[in-house]
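**Q** quick one: sequence and predicted model below, then my questions.
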Amino acid sequence: MVGASLDDGQALLALNEIFVGHRSHQSARYSLRPDGAEERQSSSGLIVSTGTGATGWCRAIWQQSRPELELPRPEERRLVWFVREPWPSPATGTSLVEGELAGGRALRLVAETDGLVVFGDGIESDRLTLAWGQELELTLGSRSLRLVRAA
C-alpha cells in the first residue's frame, strides 16, 4: 500500500495509487523533493503507485514516457512515482519526473499553491487538502494487504 501524510498529522492510505495535484486537474505548483534533490514544478499532478496499481492509471503514464524504470509487481514492497505532464518554464523544471520508493525512502512535496488535493484509488471525495507551504510525505504504507483464501 502507499501512504501519504501531511505535516499536520493527517494521513491517507491507498491500495493502488495516490494522486497529488490540483482539484480540477489543472496545473499544480509545488516543490518536489526526492532523495535529497529538489525541483520546483508545474504539472497536472503526480501519481505514486503500488504493484496492484501498476495496471491502471500508472501504467498509462508509464507507457507514454517509456522509462527504463520497471513497474512493481503486486507482491513487491516497492512504489513508483510519475509526474503527469510536467511543464518547463523559467521558474519550473522537468528533470525529476519519475522514481522509485523502497526500503524506507520517501518522496516529499511542498505545495506552492493553495488547494492541492491528495486522494487514493480514484476516490476524490476522501481526500487531504494542502495549503500553500504545507509538506506532504509519500512512502510505502504502514500496512500491507493480505489475501486470504478459504480452504
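**A** Now that the structure is in, tell me what you want to look at.
**Q** can you map out the strands along the chain?
**A** With strands called from DSSP state E, the chain shows them at 2-6, 11-14, 17-22, 28-34, 39-43, 45-49, 79-84, 98-101, 107-111, 116-120, 127-130, 135-140.
**Q** send the alpha carbons of the third one over as PDB?
**A** Written as PDB, here are the backbone C-alpha positions of strand 17-22 (Å, rounded to 0.1, in the frame of the first residue of the first chain):
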ATOM      1  CA  GLU A  17      -2.200   4.700  -6.100                       C
ATOM      2  CA  ILE A  18      -2.200   8.200  -4.700                       C
ATOM      3  CA  PHE A  19      -2.800  11.300  -6.800                       C
ATOM      4  CA  VAL A  20      -1.500  14.700  -5.800                       C
ATOM      5  CA  GLY A  21      -2.500  17.700  -7.800                       C
ATOM      6  CA  HIS A  22      -4.900  20.500  -8.300                       C
END
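**Q** for this protein, which residues score under the pLDDT cut-off?
**A** Counting by pLDDT under 70, the chain contains no low-confidence residues.
**Q** in it, which residue is closest to the centre?
**A** Within the chain, the residue whose C-alpha comes closest to the C-alpha centroid is residue 48; the distance, by Cα atoms, centre = their mean, is 3.1 Å.
**Q** so how far is residue 64 from residue 28?
**A** Residue 28 sits 18 Å away from residue 64 when distances are taken as Cβ to Cβ, to the nearest Å. From N, CA and C alone the C-beta is placed, and that goes for glycine too.
**Q** that should have said residue 147, apologies.
**A** If you measure residue 147 against residue 64 using Cβ to Cβ, the figure is 31 Å.
**Q** quick one on the thing from earlier: distance-wise, check the residue nearest to the centre of the chain relative to residue 38.
**A** Applying Cβ to Cβ to residue 48 and residue 38 gives a distance of 17 Å.
**Q** likewise for residue 18?
**A** Distance check for residue 18 against residue 38: by Cβ to Cβ, it reads 20 Å.
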